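1. Just to be clear, the model below is a prediction. Sequence and coordinates:
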Amino acid sequence: NSRGAASLLKDSIPITEFSASGPFEGHDLLRRGFTSVKNELLPSHPLELLEKNFQLNQDKTNFETLRNIQGLHAPLKLQMEFRAVKQVQRLPFLHSSNIALDTLRGNNECIGFEDILNDPSQSEVMGEPHMMMEYKLGLL
């Protein structure tokens with residue numbers, strides 16, 4: 001009975017044996033998707049991660065201090081105001097200065113790096129207004 005022997009042989013050999021493994025393994029696009037070099041990079045300097053999360057850490061520290069001084073209601077109210085201010089923005093093709101968010105954080109009187117070197121008039125990318133609005137609304 002050749003049919004029974006083939007099914008026994010098929011059941012006894014695991015499929016993982018046929019896949020390549022080790023240093024010469026190829027990337028399986030169907031199972032793992034496209035590779036991205038950006039995802040595999042590690043921070044180049046220990047302070048890079050701290051610098052990326054500076055504003056988040058600053059907000060957390062301010063909320064903890066505010067909670068210790070004024071109670072639980074104060075940071076909750078401030079977080080709700082932050083969310084409301086972040087939702088209100090200009091159209092996608094217009095630059096938004098987020099002055100309300102800066103005022104809530106107390107950064108409206110400070111001149112920083114982003115105030116001088118983040119000028120939208122010097123931007124290299126300016127999209128077509130109609131296409132950008134259709135993309136934001138999900139029509140494209």
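-> Okay, I see it.
2. P75: how many residues sit nearby?
-> The local packing of P75 (other C-beta atoms under 10 Å) involves 19 other residues. All C-beta spots, glycine's among them, are computed from the backbone N, C-alpha and C.
3. To clarify, my last question referred to E48.
-> Per other C-beta under 10 Å, the neighbour tally for E48 reads 11.
4. Give me the pLDDT for it.
-> As predicted, E48 sits at a pLDDT of 84.
5. Go ahead and list the helix or strand containing it.
-> helix 46-52 (DSSP states H and E).
6. go on, L94?
-> Counting by DSSP H and E, L94 is part of no helix or strand.
7. quick one: the helices in the protein?
-> 2-12, 29-32, 37-40, 46-52, 54-70, 73-87, 99-105, 113-117, 129-137 (DSSP state H).
8. CA atoms only: put the second one into PDB for me.
-> Think helix 29-32. Only the C-alpha atoms of helix 29-32 are listed here, as PDB (Å, rounded to 0.1, in the frame of the first residue of the first chain):
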ATOM      1  CA  LEU A  29       8.400  38.500   3.100                       C
ATOM      2  CA  LEU A  30       5.000  36.700   3.200                       C
ATOM      3  CA  ARG A  31       5.300  35.900   6.900                       C
ATOM      4  CA  ARG A  32       7.400  38.800   8.300                       C
END
